[in-house]
Every structure is written in C-alpha cells, then in structure tokens.
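1. okay, sequence plus prediction incoming.
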Amino acid sequence: MPTLPAVHVTTDRIDELAVDALIVPVFRGAIEGPGTDTALRALGLTAVPRDVAFRGKPGEVVHLSAPGQPWGRVTLVGLGRLDELDTAMVRRAAGAAIRSLASTAATVATTLPLVEASTASIQAAVEGALLGAYRYDDARSDPKPHRLTDITVVVPSSLSEAAAGAVRRASAHARAQCVARDLVAAPPNRLGPEEVATWAQEHLGPDIEVEVWDEERLAAEGCGGLLAVAAGSARPPRLVRLRYRPSDPVARVSLVGKGITFDSGGISLKRPSTLMDAMKGDMAGAAAVLGVFSVLAELGLPVEVHGELCLAENMPSGSATLPSDVVRYRDGTTVEVLNTDAEGRLVLADGLLLAVEADVDAIVDVATLTGAVSRAIGRHAVGVFANDDDLLRQLLAAGREAGEPSWHLPLWEELSEGLESEVADMNNIGDPELGAGASVGGLFLRHFVDGTPWAHLDIAGPAWLDSDRDHLCRHGTGVPVRTLLRWLEQAD
Ligand code: BES
Ligand code: MN
Ligand code: ZN
C-alpha cells in the first residue's frame, strides 16, 4: 500500500505556522488569494513582484525565499481567473504546488481551502496535495527518500469541525487512487495476471472476499475470452472475483475491470514505431477497481460491491489466438476474432457475463479499450457509454465532482451490423468503414449485459499521461478511482 504524507488541519493565523513552505494562491491578473497578501507583506512586498514573471495561470508555481519568516519559503500557485474558479481548480493547484516541493520540503502548509470556504474545497485541496506528492520508486535499488511528511491545510474556523470528515474522505480517495497508480506503474514482468491476483489476496483486508479462478477453472466455467487472449502468453490468465458485503446494503453493483498486464497486440502485433511502454498500463481498469476495493471498508459504504477483474497478457507466439479464430463464451455466444489487438472486449465479455449472473442492480466496466476514444474527446477525458439514463447521469455527475472530466458517447445502432460475422455470432472489430471505434467497442460489450443497467467507461486517454499535469502524475494516473468512489457514495 502506498504511504502518503500526514494531513493536519488548522485555523491558526498563517504567521504562526512554522513550515518549510507556505503555499498561497494567486488568481490570474495578480489578484491575491486568502493569506497571500499577509505572506507577501511579511516578505516586504505589496504585490507579486514583476520580475518573477508569474501570471497566476492554472497550476503555475513560483517559489519566493522568506528570510526571517516562520516559512522557509512562500510558494505562489496560480488559480486562473477568479470568475472561473471551481473546486477542481483548487485540487489542480494543490497538486501542482506540492509536486514542485515534495522532494525538497518536509512540511508544507496551504491556504488553498480558503478560496472557496466549503468542505468540498477542503477535500479537493487535500486530494490534490496527496496526489501531487505521489511518486513510484518500488523498482529502484536505491529509492530517494520522500522528504515531504506533513501537509497542513488552513481552513475557515466555521468549518473546523466539518474539516475532519473532509480530510478523512480525501485521504481515502487519494490513497485508493495511488493504489491504482502503483499497480499500473509496476512492470509487467513483476506484475502479471497471477501476481495481480496474489496482490488482491494479500492487500485488501478481512472485509473483502477474494476468489481467484485459474486457467482450469476458467475452462470449466466457459470463460473463453480470457483463455483466448492469454493463449499466446507464458503467463496464464486469472479472473479475480471481489466481494464487499455490508449488512443491509442499499444497492448491489458490480465493477468489471480490464486487466491486460501487457498488450502487445498479439498476432495483430502493434507497430513498434511508438513506445509500447504505455501498454503495461492496459490493466488500469482492473487497477482502478482494486483501488476502490482498498478503501470500501474504511469508508463504510452501505453498498454491496462486486468486482470482476479480467486479467491476461496479450502476446504473439505459436500458441497465440489467430485472426479468424472463433471464441465461445459461457452463454453460448461465439465471436470471430478478426483482430487480436481488440482483446479488451474479449476478456471483459467473460466478466460482464458473470456480473449479470450475480443479478446486481448496475454494472460499470472500466477499461483502456480504444485509441479511438481519445481521438474523439481528448486524452484528458473518460468516455462514458450506457444503456441506462439514470446510471449515465450519476456517473457523469460523479466525474464532475471528482474533477475527472467525462463525456457521454453514443451507442449508435447503425454500427451494429459491422459486428456481424461470416462464421460466428459476432466479430470483435466492427466495420472500420463506419468509424466510431470507441462506440463499436461499447456495442460489443453491450451484447453481454443482457439488459442489466450498465455503463462502460473507456479510460484509454486519462489513465495514462505522458507528462505530469497538476495533481495527475506522468504514466499511470489512477483515473477514474475517485469518480467510482463518489458514485458509490451516492448510490441508493
Ligand atoms: N489497449 C488498447 C487501447 C489503447 C490504445 C489503450 C492506446 C491506451 C492507449 C486496445 O486493446 C487496442 O489495441 N484497441 C484497438 C482496437 C482495434 C484493434 C479495434 C485500437 O484502439 O486500435
Ligand atoms: Mn489491444
Ligand atoms: Zn488493450
């Protein structure tokens, strides 16, 4: 489990706070945020000095030395325009500022929660700070020690009691997200399907039931997708079945995660022109579900939550599934595999069929399913597909509150005929002439949910970033863990 800095709450005046760095907000156009004028005055300044070329753009950071003050330095962080301020900006700014300090400061304090005096902004500031402090160094022989140990948030005295709850929730949500980040960051030779299953058995605690299906059980149960995708790999597939069962649950839901621990494309091998390292992140959906399960008991949510993690490695070899092979599922559905690189939908079909059989109220699958989704809506956003308007609305709202942008995409019936096959019930890629690759993936999955309220989150864009961005770190970001947690918190 990742270790995060400790979080403290104070309503003290900032001039009495002894910390290595005090983070204060500045709006675009050099309008000082709360505490900023006090800090600047202590430095003998009446405004942000012109020569530091700081504009207050979102996430912009500058450090000012603070001789003779209780703060080692004052860190200005940009919040963008005052009239565009929202809670998400507080989270982003906290993340950007903390990342710039985490290896040099041990203790930091920030007045960011004061810009929007609400428990939501306290939670956002703490989430942003903890997420910005994250670093993965499990695979280094000589990891640099994390310097940052303590984060103090300054809150309005009117909220000093409510703040404790906001900090607790923020810490749980951020830790869950960092669990997902750690799992994505782990290299595929250390964390294949079996190791993910072992991780679940060893780390989720006594309140989560963990059942692991190995390749024999998968064959006996008719889980043809996982077996077909893993056929070319030296690492056998696993299905991990998680259960969190509170007494008298208000709802029962299932989270199905795509867990391809490496996606080479298989026989339909990916071109090596691009760096393929991002394909270790093809288990980000399963990692997000594990992140969620790692905090369900701590949050005490009154929802029964099932997890179905579809874990396999997609490799070419003499035993690999071939384009034109036919896969058979436990419900009898047959699928002609026209492209072995469309493997996510093949393994998710197994998980979706099992989720339906468990008779839950709603199913949400989480998957790095298509490159097409980020071409359609951008690398930063989650594509949301659903067969149920209420579930769709809930998930979009949860994403908004979490500051994890998401956008509704269509399941056009017009695309369905592309999924017809000459030899089987369906093929796995649709008709490329019709376009809309992300929607085709969604339609393929919809076949297996049999009318159960269902949503599909295509996270191929935001689950993996090439560079740090505010509270989100380079590579595995842990999106959409906090969207899922907020959705579960609001279930009824
Ligand atoms: N894992 C990929 C999707 C992906 C692409 C995730 C880029 C993250 C970044 C998925 O298995 C895949 O290869 N999808 C194909 C589908 C196609 C063959 C129908 C794609 O998107 O090209
Ligand atoms: Mn693929
Ligand atoms: Zn994939």
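-> Thanks, I have it. What you are looking at is a predicted structure, and each value in this text was computed from that prediction instead of being measured. Ligands and ions are numbered 1, 2, ... in the order given.
2. could you use CA atoms for every contact and neighbour count after this?
-> Noted.
3. spell out which parts of the stretch 251-400 of the chain neighbour ligand 1.
-> Contact residues (C-alpha under 6 Å from any ligand atom) of the stretch 251-400 of the chain with ligand 1: 282, 339, 341, 342, 343, 344, 368, 369, 370, 371, 372.
4. which ones, among those residues, also lie beside ligand 2?
-> When contact is defined as C-alpha under 5 Å from the ion, these meet ligand 2 at 341, 342.
5. and the residues of the stretch 251-400 of the chain next to ligand 1 as JSON lines, adding neighbour count and secondary structure?
-> Formatted as JSON lines, these follow (neighbours: other C-alpha atoms under 10 Å; DSSP: H, G, I helix; E, B strand; the rest coil):
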{"residue": "282", "neighbour count": "29", "secondary structure": "helix"}
{"residue": "339", "neighbour count": "20", "secondary structure": "coil"}
{"residue": "341", "neighbour count": "24", "secondary structure": "coil"}
{"residue": "342", "neighbour count": "20", "secondary structure": "coil"}
{"residue": "343", "neighbour count": "26", "secondary structure": "coil"}
{"residue": "344", "neighbour count": "30", "secondary structure": "helix"}
{"residue": "368", "neighbour count": "28", "secondary structure": "coil"}
{"residue": "369", "neighbour count": "25", "secondary structure": "coil"}
{"residue": "370", "neighbour count": "22", "secondary structure": "coil"}
{"residue": "371", "neighbour count": "15", "secondary structure": "coil"}
{"residue": "372", "neighbour count": "19", "secondary structure": "helix"}
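6. out of the residues of the stretch 251-400 of the chain next to ligand 1, who's nearest ligand 2?
-> Proximity of these to ligand 2 (C-alpha to the ion) peaks at residue 341, which lies at 3.6 Å.
7. and residue 222, how far from residue 242?
-> Taking C-alpha to C-alpha, to the nearest Å as the measure, residue 222 falls 19 Å from residue 242.
8. more crowded one of those two?
-> residue 242 (24 against 16; other C-alpha atoms under 10 Å).
9. could you count how many residues lie near the residue of the stretch 51-200 of the chain at minimum distance from ligand 1?
-> The nearest approach of the stretch 51-200 of the chain to ligand 1 comes at residue 184, 12.2 Å away (C-alpha to the nearest ligand atom). By other C-alpha under 10 Å, 30 other residues sit near residue 184.
10. secondary structure class for it?
-> Using DSSP: H, G, I helix; E, B strand; the rest coil, the structure places residue 184 in helix.
11. what ranges does the stretch 251-400 of the chain have for its strands?
-> Using DSSP state E, counting those that start in this stretch, the strands assigned to the stretch 251-400 of the chain run over residues 251-263, 303-314, 326-328, 334-336, 362-367, 382-386.
12. which of the ones you listed sits closest to residue 124?
-> Shortest distance between residue 124 and the strands of the stretch 251-400 of the chain, using C-alpha to C-alpha, is found for strand 382-386: 19.5 Å.
13. picking that back up, mind putting the residues of the stretch 251-400 of the chain next to ligand 1 in TSV, pLDDT included?
-> Formatted as TSV, those follow (pLDDT from 0 to 100):
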residue	pLDDT
282	98
339	98
341	98
342	98
343	98
344	98
368	98
369	98
370	98
371	97
372	98
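14. export the residues of the stretch 251-400 of the chain next to ligand 1 to JSON lines and tack on distance to residue 42?
-> Output for these, formatted as JSON lines (distance: C-alpha to C-alpha, whole Å):
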{"residue": "282", "distance to residue 42": "50"}
{"residue": "339", "distance to residue 42": "64"}
{"residue": "341", "distance to residue 42": "60"}
{"residue": "342", "distance to residue 42": "60"}
{"residue": "343", "distance to residue 42": "59"}
{"residue": "344", "distance to residue 42": "57"}
{"residue": "368", "distance to residue 42": "49"}
{"residue": "369", "distance to residue 42": "52"}
{"residue": "370", "distance to residue 42": "52"}
{"residue": "371", "distance to residue 42": "51"}
{"residue": "372", "distance to residue 42": "52"}
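15. what is the burial count for the residue lying closest to residue 176 once chain neighbours are set aside?
-> Leaving aside its chain neighbours, residue 176 sits nearest to residue 291 (4.3 Å; criterion: C-alpha to C-alpha, 6 or more residues apart in numbering). When neighbours are counted by other C-alpha under 10 Å, residue 291 registers 31.
16. what residues are up against residue 291?
-> When the contact criterion is C-alpha atoms under 8 Å, 6 or more residues apart in numbering, the partners of residue 291 are 175, 176, 177, 178, 179, 180, 481.
17. would you map out the domains in the protein?
-> Taking automatic domain parsing as the criterion, the chain consists of the domains 6-159, 186-489.
18. out of those domains, nearest to residue 165?
-> domain 6-159 (8.6 Å).
19. neighbouring strands - and their directions - for the lowest-mean-pLDDT helix or strand in the chain?
-> Least confident helix or strand of the chain, by mean pLDDT, DSSP states H and E, is strand 31-32 with a mean of 87. The sheet places strand 31-32 alongside strand 19-27 (antiparallel), with pairing taken from DSSP bridges.
20. buried set for the strand it pairs with?
-> Of the residues in strand 19-27, 19, 20, 21, 22, 23, 24, 25, 26, 27 count as buried by neighbour count, 16 or more other C-alpha atoms under 10 Å.
21. CA atoms of that strand as PDB?
-> The C-alpha trace of strand 19-27 is given here as PDB (Å, rounded to 0.1, in the frame of the first residue of the first chain):
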ATOM      1  CA  VAL A  19       6.700  25.000   7.900                       C
ATOM      2  CA  ASP A  20       9.300  24.600   5.100                       C
ATOM      3  CA  ALA A  21       6.900  26.100   2.600                       C
ATOM      4  CA  LEU A  22       3.700  28.000   2.700                       C
ATOM      5  CA  ILE A  23       1.600  27.600  -0.400                       C
ATOM      6  CA  VAL A  24      -0.700  30.600  -1.200                       C
ATOM      7  CA  PRO A  25      -3.000  31.100  -4.200                       C
ATOM      8  CA  VAL A  26      -2.900  33.900  -6.800                       C
ATOM      9  CA  PHE A  27      -5.600  34.500  -9.400                       C
END
